[in-house]
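Peer 1: got a predicted model here, sequence first, then my questions.
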Amino acid sequence: MRKIYFLGFLILSSLLFSCKSGQQGELVGAYNKKFKNKTIPYGMVFIPPGRTLIGMTDEDISFYQGSPSRMTSFPAFYMDQTEITNAEYRQFVNWVRDSVAVTTLGQSGAPNLYMPQPAAAAGTTVSGQRNINWKAIGKSGVLWGKNSAYKARLQNMYYSGNDALPGKNEFDIRKFRYAYSYLDHDLEAAGRNDPSKSRQDFIQTYTDNPTPGKANEHPSVSVYPDTLVWKLDFSYAQNDPMVDSYFNHPSYDGYPVVGVTWEQATAFCNWRTVLYKNIASARKLPENGRLKYRLPTDQEFEYAARGGRTQTKYPWGGPYIKNTKGCLQANFKVGRGNYTDDGGLYTVDARAYIPNDYGLYNMAGNVAEWTVTAYNRSATSLLSDFSPNYVNTAKGAKVVRGGSWKDIGFFLQNSVGTYEYQDKARSYIGFRCVSDYPGNALN
């Protein structure tokens with residue numbers, strides 16, 4: 001007991017001494033609230049800091065002119081284990097759908113509109129989001145009840161008139177739009193010495209009513225995937241079943257979402273950040289210093305794909321696409337007219353095949369993936385040798401990494417990237433998120 005009392009006395013004395021030191025003008029520091037810096041976000045893996053050779057280290061094809069190899073260092077970050085799946089992206093679409101409905105009906109709404117438990121997620125469209133109980137909505141698409149005003153407003157969520165198919169009641173997906181804002185640090189750095197600029201000039205805003213001619217205001221983002229990419233990407237191919245079912249059928253829930261533009265992927269990252277922070281705040285959950293979600297940079301993707309290895313050709317480490325048993329290790333176009341020998345005709349489950357040494361699935365094949373990096377073949381010489389990224393504030397092409405189910409084996413290499421315009425959706429491009437780690441090592 002004496003030891004316990006003595007230990008308590010020492011602790012109390014140290015606390016009193018530190019308070020008195022601060023009051024006496026000593027430098028004691030103003031510390032932030034402590035947190036345990038070792039909680040990995042759900043569905044993500046920790047990518048440790050390190051260095052590796054980035055760029056072409058193996059075979060090339062004529063006129064590809066890939067980036068030359070050079071040693072590059074990276075800070076730690078988190079990365080999704082898999083590509084974002086249809087089920088995960090559908091959570092975003094459903095949130096926006098409910099947000100639009102709440103805005104349409106007003107925050108009070110009808111008593112039977114909401115789910116029993118409130119959801120604390122809040123976005124820029126509405127101040128307090130709550131999950132809608134769509135089971136309370138009748139087959140005709142209107143609320144059960146006698147409130148004709150609410151019935152009429154809710155009916156605006158569905159296709160009507162000549163846009164509606166006879167006998168079907170379908171949501172008007174054109175109304176599923178996401179509005180948000182963020183501070184653009186690239187614009188902020190470029191204009192910091194311009195006295196004519198204020199902070200609002202550096203805030204990028206996606207709104208339902210953008211001001212004409214204002215460079216930093218843009219239309220809100222339509223979030224529903226473009227399912228017609230299965231028809232548009234391939235001429236004279238019978239892909240109608242994929243148009244009808246790929247995003248909505250339960251069989252494809254664990255498959256990577258496709259048909260999303262770079263802008264939609266970026267909007268998803270913003271929503272995912274808001275979702276966690278607001279839930280954590282409402283339920284008093286520890287945020288653990290978690291930073292925002294975003295798309296990976298071009299070089300971050302390659303660094304993570306290599307799995308801690310240097311000068312490896314593929315994410316699985318070996319120089320061959322087949323393993324020792326003769327099995328293909330990714331989903332790609334095996335040969336002319338041969339899409340099936342790898343086990344999938346189109347995409348496959350996001351957890352198919354063996355993950356790399358960091359635990360990341362399908363860093364090559366299945367779907368190619370958006371990065372935040374602007375495409376510029378000549379940018380390599382301009383980049384820093386630590387945490388590099390090439391940015392361009394103008395709309396244009398973005399780097400796409402990893403190769404896809406319709407690409408030949410060359411594009412599965414860690415060092416190979418292609419590009420696509422940021423407003424284009426494809427049946428072979430998806431994405432995954434990263435989140436910056438606030439520190440140097442997981443502790």
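Peer 2: Arrived safely. Numbering: from 1, shown residues only.
Peer 1: and the next element down the chain from the lengthiest strand in the chain?
Peer 2: The longest strand of the chain (DSSP state E) is strand 368-374. Remark: after strand 368-374, the chain's next helix or strand is strand 397-401, criterion DSSP states H and E.
Peer 1: from the contact counts, what lies against that following strand?
Peer 2: Judged by 3 or more C-beta pairs under 8 Å, 6 or more residues apart in numbering; DSSP states H and E, strand 397-401 is in contact with helix 298-305, strand 368-374, strand 417-421. (C-beta placed from N, C-alpha, C; glycine too.)
Peer 1: can I get these in a markdown table with distance to residue 353, mean neighbour count and mean pLDDT?
Peer 2: Formatted as a markdown table, those follow (distance: least, C-beta to C-beta, whole Å; neighbours: other C-beta atoms under 10 Å; pLDDT from 0 to 100):
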| stretch | distance to residue 353 | mean neighbour count | mean pLDDT |
| --- | --- | --- | --- |
| helix 298-305 | 13 | 26 | 96 |
| strand 368-374 | 15 | 25 | 96 |
| strand 417-421 | 20 | 18 | 94 |
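Peer 1: mind putting those in CSV, distance to residue 409 included?
Peer 2: Listed next are the helices and strands packed on strand 397-401 as CSV, based on distance: least, C-beta to C-beta, whole Å:
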stretch, distance to residue 409
helix 298-305, 15
strand 368-374, 14
strand 417-421, 14
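Peer 1: who wins for proximity to residue 407 among these?
Peer 2: Closest to residue 407 of the helices and strands packed on strand 397-401, according to C-beta to C-beta: strand 368-374, at 7.2 Å.
Peer 1: could I have that closest one exported to CSV, CA atoms only?
Peer 2: The C-alpha coordinates for strand 368-374 follow below in CSV (Å, rounded to 0.1, in the frame of the first residue of the first chain):
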residue,chain,number,x,y,z
ALA,A,368,-7.4,-0.6,-64.2
GLU,A,369,-7.6,2.1,-61.6
TRP,A,370,-7.8,5.8,-61.5
THR,A,371,-5.0,7.8,-59.8
VAL,A,372,-5.0,11.5,-58.8
THR,A,373,-2.0,12.2,-61.1
ALA,A,374,-2.4,14.2,-64.3
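Peer 1: and that strand with strand 397-401, angle?
Peer 2: 140 degrees (axes from the mean of the first three to the mean of the last three C-alpha atoms, to 10 degrees).
Peer 1: which elements pack onto strand 368-374?
Peer 2: Looks like strand 368-374 contacts helix 262-282, helix 298-305, strand 397-401, strand 417-421, strand 429-430 (3+ C-beta pairs under 8 Å, 6+ apart).
Peer 1: nearest to residue 323, of those?
Peer 2: Nearest of the helices and strands packed on strand 368-374 (C-beta to C-beta): helix 298-305, 17.5 Å.
Peer 1: pull the distance from the closest one to the chain's centre.
Peer 2: The chain centre lies 15 Å from the centre of helix 298-305; the measure is C-alpha atoms, centre = their mean, to the nearest Å.
Peer 1: quick one, that helix and strand 397-401 angle?
Peer 2: Using the same axes, to 10 degrees: helix 298-305 against strand 397-401 is 10 degrees.
Peer 1: packing partners for helix 298-305?
Peer 2: Short answer (3+ C-beta pairs under 8 Å, 6+ apart): helix 298-305 packs on strand 50-54, strand 70-74, strand 77-80, strand 368-374, strand 397-401.
Peer 1: how about the helices of the protein, start to end?
Peer 2: 2-23, 86-105, 148-155, 185-190, 229-232, 240-245, 262-282, 298-305 (DSSP state H).
Peer 1: tell me the most buried of those helices?
Peer 2: helix 298-305 (a mean of 26; mean count of other C-beta atoms under 10 Å).
Peer 1: dump that helix to PDB, keeping only the CA atoms.
Peer 2: The C-alpha atoms that make up helix 298-305 are tabulated as PDB, following Å, rounded to 0.1, in the frame of the first residue of the first chain:
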ATOM      1  CA  ASP A 298       0.600   7.300 -59.900                       C
ATOM      2  CA  GLN A 299       3.900   6.500 -58.100                       C
ATOM      3  CA  GLU A 300       2.100   5.500 -54.800                       C
ATOM      4  CA  PHE A 301       0.200   2.900 -56.700                       C
ATOM      5  CA  GLU A 302       3.400   1.500 -58.200                       C
ATOM      6  CA  TYR A 303       5.100   1.600 -54.800                       C
ATOM      7  CA  ALA A 304       2.200  -0.300 -53.200                       C
ATOM      8  CA  ALA A 305       1.900  -2.800 -56.100                       C
END
